[in-house]
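Novice: fold the following for me, if possible:
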Amino acid sequence: MIVEEITPAIGARITATTEQVLADGGPERILELLNARGVLVFPKLFLSDEGLAALANRLGDMEAATVTADGSDVNRLGIYRIERGKTDINHADYVAGNDYWHMDGTSYDVPGKATLLKCESPPKSGGETDFAHLFAAFAALPAARQNELKQLEVIHCMRGAMRYVYDAPTEADYARWDAVFPETPHPLVWRMRDGRHTLLIGSTAYRLAHHEDDAGRAVLEELLAWCTQPQFTYQHVWQQGDLVIFNNPGLLHRSRPYDEQSGRILHRATVKGAEPIVAA
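Specialist: This next block holds a predicted model:
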C-alpha cells in the first residue's frame with residue numbers, strides 16, 4: 001500500500017488493491033495508520049459489500065445492524081445504506097442529523113471504534129463529508145484551558161441533534177427522541193488509553209452540567225469553532241468506489257447538504273468500540 005499524508009494534522013490517502021487491503025497484515029497496517037492519521041482515504045477501491053463487512057470484522061468486531069435495520073438488501077451483512085428519502089421517520093431523522101458536526105455513539109459508554117464508508121453513488125452536487133481531528137485540536141489548546149475543560153461534564157441526547165433539524169418540534173417528537181437517545185452525561189474530555197485526549201462535543205452535546213444553559217452552550221460552541229478550524233479538518237469529495245475509514249472517538253464528522261435527487265448513496269459498516277469513555 002502506498003501512503004500519502006493529506007495534511008500535516010489529519011488524513012492519509014492510500015493507493016491499494018482490494019486484495020492488499022484484506023491480505024494478511026493489511027488490516028493491521030490500516031489500524032496503525034488510522035490511529036496516527038484519523039481518516040484514511042482509499043480512492044476508487046471498489047470494495048464489495050462482502051469485502052466491506054470482512055474488513056470491518058478484521059479491524060475489530062463489526063457492529064450488528066440492529067438499531068439501524070432498515071430492510072435494505074445489504075442490511076443482512078450488517079451494512080447501513082445512507083441515502084435521502086427513507087420513509088421511516090427515525091431513519092430520516094438520522095440521515096438529516098448527519099449534516100451537523102457529531103461523533104457517532106455518544107448515547108453509549110463505549111462509542112464505536114471506527115466507521116467505514118463506501119461510495120455506491122456519488123452526489124451530483126454537494127454531499128461531501130467533512131472531518132475534524134479532535135486529538136490534534138485538543139493538543140493545540142493552552143495547558144490551562146485543557147485543565148479547565150477536564151473538570152466539566154456534558155449532557156448528550158438526540159434532542160441536541162434534532163434542534164438543528166426541526167424548527168418547531170412537537171411533544172411527540174421529544175418523546176420519540178428521548179426514547180431513542182435520552183439525556184446521557186459524559187465527561188467533556190475523554191482520556192484514551194494511549195494518553196491522548198478527545199472532546200465529547202458536536203450536535204448531540206446538548207448542554208454542560210451544572211451550568212446555565214446559555215453559558216454552557218457558549219462553551220460548547222467555542223470548542224466546536226476551535227476544533228473545526230481549517231488546520232484540523234479535511235473535506236472528502238466522493239467518487240464512486242471510494243472507501244473512507246475514520247477513527248470515531250478522535251473525530252467529528254458531518255455531511256455537507258445535498259438533496260434527495262442528488263443520487264448520493266453510501267454504505268456504512270461500524271466497528272464496535274474498544275474503549276469506554278473515561279474522564280481525564
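Novice: how about stretch 125-132: buried residues?
Specialist: Applying a neighbour-count criterion of 16 or more other CB atoms under 10 Å, the buried positions in stretch 125-132 are 127, 128, 129, 130, 131, 132. C-betas here are computed from N, CA, C, even on glycine.
Novice: is it true that the first one touches residue 254?
Specialist: No: applying CB atoms under 8 Å as the test, residue 127 and residue 254 come out as separate, 11.0 Å apart.
Novice: can you get me a residue count around residue 13?
Specialist: Residues lying near residue 13 (other CB atoms under 10 Å) number 15.
Novice: which residue ranges form the helices in this structure?
Specialist: With helices called from DSSP state H, the chain shows them at 18-22, 26-37, 49-59, 89-97, 134-139, 143-149, 158-162, 171-180, 213-227.
Novice: lowest-confidence stretch among those helices?
Specialist: Lowest mean pLDDT of the helices of the chain: helix 89-97, a mean of 71.
Novice: just so I know, which of the helices of the chain lies nearest residue 194?
Specialist: Minimum separation from residue 194 across these (CB to CB) falls at helix 26-37, 7.7 Å.
Novice: got a list of contacts for the closest one?
Specialist: With contacts defined as CB atoms under 8 Å, 6 or more residues apart in numbering, helix 26-37 is touched by 1, 3, 5-6, 10-12, 14, 16, 20-21, 40, 55, 58-59, 114, 194, 245-247.
Novice: with adjacent residues omitted, what lies nearest to residue 229?
Specialist: Closest residue in space to residue 229, ignoring its immediate chain neighbours: residue 137 at 7.5 Å, by CB to CB, 6 or more residues apart in numbering.
Novice: can you tell me which residues contact the one you found?
Specialist: Contacts for residue 137 (CB under 8 Å, 6+ apart) come out as 199, 226, 227, 229, 232.
Novice: let's see that with 10 Å instead.
Specialist: Shown in contact with residue 137 (CB atoms under 10 Å, 6 or more residues apart in numbering): 9-10, 198-199, 201, 223-224, 226-229, 231-233, 250-252.
Novice: select only the buried ones of the residues you listed in ChimeraX?
Specialist: Applying 16+ other CB under 10 Å to the contacts of residue 137 leaves a buried subset, and the ChimeraX line that selects it is:
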select :9,10,198,199,201,223,224,226,227,228,232,233,250,251,252
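Novice: just the contacts of residue 137: which are in strands?
Specialist: Using DSSP state E, the subset of those located in strands is 198, 199, 233, 251, 252.
Novice: out of those residues, who's nearest residue 141?
Specialist: Closest approach between these and residue 141, by CB to CB: residue 199, at 9.3 Å.
Novice: how near is the closest one to residue 277?
Specialist: 12 Å (CB to CB, to the nearest Å).
Novice: between those two, which contacts overlap?
Specialist: 187, 190.
Novice: separation between the residue nearest to residue 229 and residue 41?
Specialist: From residue 137 to residue 41 the distance is 20 Å (CB to CB).
Novice: hang on, isn't residue 16 packed against residue 243?
Specialist: Yes: the criterion here is CB atoms under 10 Å, and residue 16 meets it with residue 243 at 9.5 Å.
Novice: between the two, which one's more packed in?
Specialist: A count of neighbours by other CB under 10 Å puts residue 243 above the other of residue 16 and residue 243, at 24 against 20.
Novice: beta partners of the more buried one?
Specialist: Note on residue 243: beta-bridge partners by DSSP bridges are residue 42, residue 118.
Novice: how close does it get to residue 48?
Specialist: 11 Å.
Novice: mutual contacts of these two, please.
Specialist: 18, 118.
Novice: closest one of the ones in strands among the contacts of residue 137 to residue 153?
Specialist: residue 199 (12.7 Å).
Novice: show me what contacts that closest one?
Specialist: Applying CB under 10 Å, 6+ apart, the residues near residue 199 are 103, 132, 134-135, 137-138, 141, 149, 154, 187-190, 205, 220, 223-224, 226-227, 250, 252.
Novice: identify the bridge partners of the closest residue to residue 236 other than its chain neighbours.
Specialist: Residue nearest to residue 236 in three dimensions, not counting chain neighbours: residue 129, with 4.9 Å by CB to CB, 6+ apart. Assessed by DSSP bridges, residue 129 has beta-bridge partners residue 236, residue 255.
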